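Chemist: structure for this input, please:
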Amino acid sequence: MKKLLILSCFFLLFLSVKPLQTHAQDAVEHYVVIGVFAKLDNAVRWTDRANKMNFSAQYAVNPANKYYYVYILKTPEKRKAFSFMMKIRVETEHKEAWVFSGKLGIEEPEKPVVKETPVVIEETPVEEQEVEEVPVVEEKPVEEPVVEEPVVEKPKGKPFLFKLVSGEEEVLGEVHVLESPRATQYQAFKGNEIVYLTAPRNSEGAFIASVQAPGFRPVEITVDYKDPGIFSSGVGPQNEIIIPIELVRSKRGDYIEFNNVRFFGNSAIFQPESKLELDGLVDLLKEQPKYKIKIHGHCNGKQSRNVVTKGNSNQFFETSTLNNRASVSAKELTQYRADLVKEYLVSQ
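Modeler: Numbers count the residues shown, from 1 in each chain. Below you'll find the predicted structure:
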């Protein structure tokens, strides 16, 4: 009876501890991030640099990707985080500031300590039994089948690595490879990774590498496919051609790209996730009423298309029966979208 009572208490103790751990893990914070680094030393240097500029910067590891995030604000209020992010983008050199929602620096929860009660086992005498001898049969060794390793097919083309840097720091960005300045299609690759490119089909035998990195000015270079030596800094361990591209940070007067302001296809209606960045800009303009901004947008294509516009609806982030429908050009659709951004900012 005593043994049964002890087991029951242990089960109740375990259940009472577990929900507390789960609640702690589910807490979500919003961080205004100014840098992400794979190496701890780089995160420490970037944090020190930010603190010398009178920021209250800290760094913490993201357990999902093991990168170190340098942040200057941590808050449970999402709108407050986006408002502060807009202020930092406009008023400081950190044009690449962004909001991470989640939990940084999570540690493994300690497992509950369970005291083990000694279990007394009464030994019963074992009666000796006579064991019959079993004749030994020699077994022939079994030959293991030879497993052939799968042959990995090498990608077509030459390996390149576009190394995106600002000073001594690597920069997270995207590289667009085009055949010509007027090309409407391109291949998109992550920077600082090995990619394989096939020979261009143009007569010059060259391609354009256009770099887009949040918080940095766009850069374009023309690379000779057969002889990229003018831009290359050497060859890597996998025979990849390393092309370093130095990026310059955006300054006041440069444009700030809104990465999360998006529209429904063929419409001038915001997708719901656009609201956070727009509200961040609203709060900044309320705080600094003397600021002046210019809204710029772009749509690809030349053909007319049937689109949906806001019309008489008061909804910015969802479609409505009060929306208008019209056949417009890409340029006209761009104007509708820019007008929608302006209308939303004024309405707030």
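Chemist: all contacts plus neighbour counts: C-alpha atoms, from now on.
Modeler: Will do.
Chemist: list the contacts of the residue nearest to residue 102 when sequence neighbours are not counted.
Modeler: Leaving aside its sequence neighbours, residue 102 sits nearest to residue 28 (C-alpha to C-alpha, 6 or more residues apart in numbering; 4.9 Å). By C-alpha atoms under 8 Å, 6 or more residues apart in numbering, the contact list for residue 28 reads 76, 101-103.
Chemist: repeat for residue 307
Modeler: Residues in contact with residue 307, defined by C-alpha under 8 Å, 6+ apart, are 266-268, 325-328, 333.
Chemist: which one of those residues sits closest to residue 314?
Modeler: Distance ranking of these against residue 314, using C-alpha to C-alpha, places residue 268 first at 13.1 Å.
Chemist: next SSE after the helix or strand where residue 275 lies?
Modeler: Take DSSP states H and E as the rule and residue 275 turns out to sit in helix 275-287. Sequence order places strand 305-309 as the next helix or strand after helix 275-287, per DSSP H and E.
Chemist: per the record, what domains does the chain have?
Modeler: Domains of the chain are assigned by automatic domain parsing as 21-102, 158-246, 272-347.
Chemist: surely residue 96 meets residue 71?
Modeler: No. Counting by C-alpha atoms under 8 Å, residue 96 sits too far from residue 71 to count as a contact (11.9 Å).
Chemist: neighbour count for these two, which is higher?
Modeler: For residue 96 versus residue 71, neighbours defined as other C-alpha atoms under 10 Å are more numerous around residue 71 (25 against 19).
Chemist: one step back: which of the domains of the chain sits closest to residue 261?
Modeler: Proximity to residue 261, assessed across these by C-alpha to C-alpha, is greatest for domain 272-347 (4.3 Å).
Chemist: what mean pLDDT does that closest one have?
Modeler: In this model, domain 272-347 has a mean pLDDT of 89.
Chemist: gap between the two ends of it?
Modeler: End-to-end distance of domain 272-347 (C-alpha to C-alpha, to the nearest Å): 17 Å.
Chemist: can you redo the contacts of residue 28 as JSON lines with pLDDT?
Modeler: Output for those, formatted as JSON lines (pLDDT from 0 to 100):
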{"residue": "76", "pLDDT": "93"}
{"residue": "101", "pLDDT": "91"}
{"residue": "102", "pLDDT": "90"}
{"residue": "103", "pLDDT": "89"}
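Chemist: can I get the buried part of the residues you listed as one ChimeraX selection?
Modeler: Filtering those down to the buried ones (16 or more other C-alpha atoms under 10 Å) takes a single ChimeraX command:
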select :101,103
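Chemist: quick check, nearest of the contacts of residue 28 to residue 244?
Modeler: residue 101 (31.7 Å).
Chemist: note down every partner strand of the helix or strand that closest one falls within and its orientation.
Modeler: Remark: residue 101 resides in strand 98-102, with elements defined by DSSP H and E. Sheet pairing of strand 98-102 (DSSP bridges) gives strand 29-37 (antiparallel).
Chemist: the partner strand: what's the following helix or strand?
Modeler: Proceeding N to C from strand 29-37, the next assigned helix or strand is helix 40-52, under DSSP H and E.
Chemist: how far does that following helix sit from the chain's center?
Modeler: The chain centre lies 21 Å from the centre of helix 40-52; the measure is C-alpha atoms, centre = their mean, to the nearest Å.
Chemist: which strands and helices sit next to the next helix or strand after that helix?
Modeler: On the C-terminal side of helix 40-52, the closest following helix or strand by DSSP H and E is strand 58-61. Applying 3 or more C-alpha pairs under 8 Å, 6 or more residues apart in numbering; DSSP states H and E, one finds that strand 58-61 makes contact with helix 40-52, strand 68-75.
Chemist: check those for me and report the most buried one.
Modeler: Sort the helices and strands packed on strand 58-61 by mean neighbour count, taking mean count of other C-alpha atoms under 10 Å, and strand 68-75 sits at the top with a mean of 21.
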